[in-house]
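[1] predicted model and sequence below, questions to follow.
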Amino acid sequence: MASSEQQEQFRRLAVELRILEGTAETLQARLNLVHGALNELGVARATLEGVEKESPGASLFVPIGGGSFIRATLESSDRVVVGMGAGVSTERSMVEAKEIVQSRLGELEKTRASLQQQLVQVVGRIQENRDRLQELSGILSQVERRADVSEAEGRS
């Protein structure tokens, strides 16, 4: 392979490597979001299961954010207000609410697995490109040294 072809391949691989690294960062950011949503839904599921066992009149601590809580009395454990998306919430039975949360957990778990698989593939390509870049860098360095030696001999 001619030196100019190797230099062009080196440049293409370097550009592809930068793109792949950006893709890996994006996938990792998405994975972090999915993990956060999975954690939040896991807490929601556990809370629903805990509230379901309580009887009306039970005293509860309700989180209001920032690690702060207010004391509330449970009026009923058979109806739950569930967020449906786009700022819309609806009242559902406890069974329906738990099914909705479980369904969302399942969907997010599939998304997490898919993102993880994509990230593994991208990281594999990144490593392949780095290995090939290192190989080409060594070849190009040798070509440059030979050219410098030939040029020096030509001047003598």
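    It's in.
[2] every contact and neighbour count from this point should use C-alpha atoms.
    Fine.
[3] now the strands for this structure?
    59-65, 68-73, 79-85, 88-93 (DSSP state E).
[4] including mean pLDDT and distance to Ser4, could the ones you listed go into a markdown table?
    Shown next, in a markdown table, are those (pLDDT from 0 to 100; distance: least, Cα to Cα, whole Å):
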| stretch | mean pLDDT | distance to Ser4 |
| --- | --- | --- |
| strand 59-65 | 88 | 61 |
| strand 68-73 | 93 | 65 |
| strand 79-85 | 91 | 55 |
| strand 88-93 | 95 | 60 |
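[5] Val34 is nearest to which of these?
    strand 79-85 (16.0 Å; Cα to Cα).
[6] for that closest one, the distance to its chain's centre please.
    Distance, stretch centre to chain centre, for strand 79-85: 26 Å (Cα atoms, centre = their mean, to the nearest Å).
[7] who's in contact with that strand?
    Strand 79-85 is contacted by residues Ser89, Thr90, Glu91, Arg92, Ser93, Met94, Ala97 when judged by Cα atoms under 8 Å, 6 or more residues apart in numbering.
[8] buried residues of it, list them for me.
    Residues of strand 79-85 classed as buried: Val80, Val82 (neighbour count, 16 or more other Cα atoms under 10 Å).
[9] about what we covered before: indicate which one of the strands of the chain is closest to Gln7.
    strand 79-85 (51.5 Å).
[10] max-length helix in this structure?
    helix 94-155 (DSSP state H).
[11] what about Ala24, how many neighbours?
    Residues lying near Ala24 (other Cα atoms under 10 Å) number 20.
[12] residue closest to the middle of the protein?
    The centroid of the chain falls nearest to Leu31 when counting by Cα atoms, centre = their mean (1.6 Å).
[13] what ranges of the protein fall below the confidence cut-off?
    1-2, 143, 145-156 (pLDDT under 70).
[14] surely the residue nearest to the centre of the chain and Leu115 touch.
    Yes: counting by Cα atoms under 8 Å, Leu31 does reach Leu115; the two are 6.5 Å apart.
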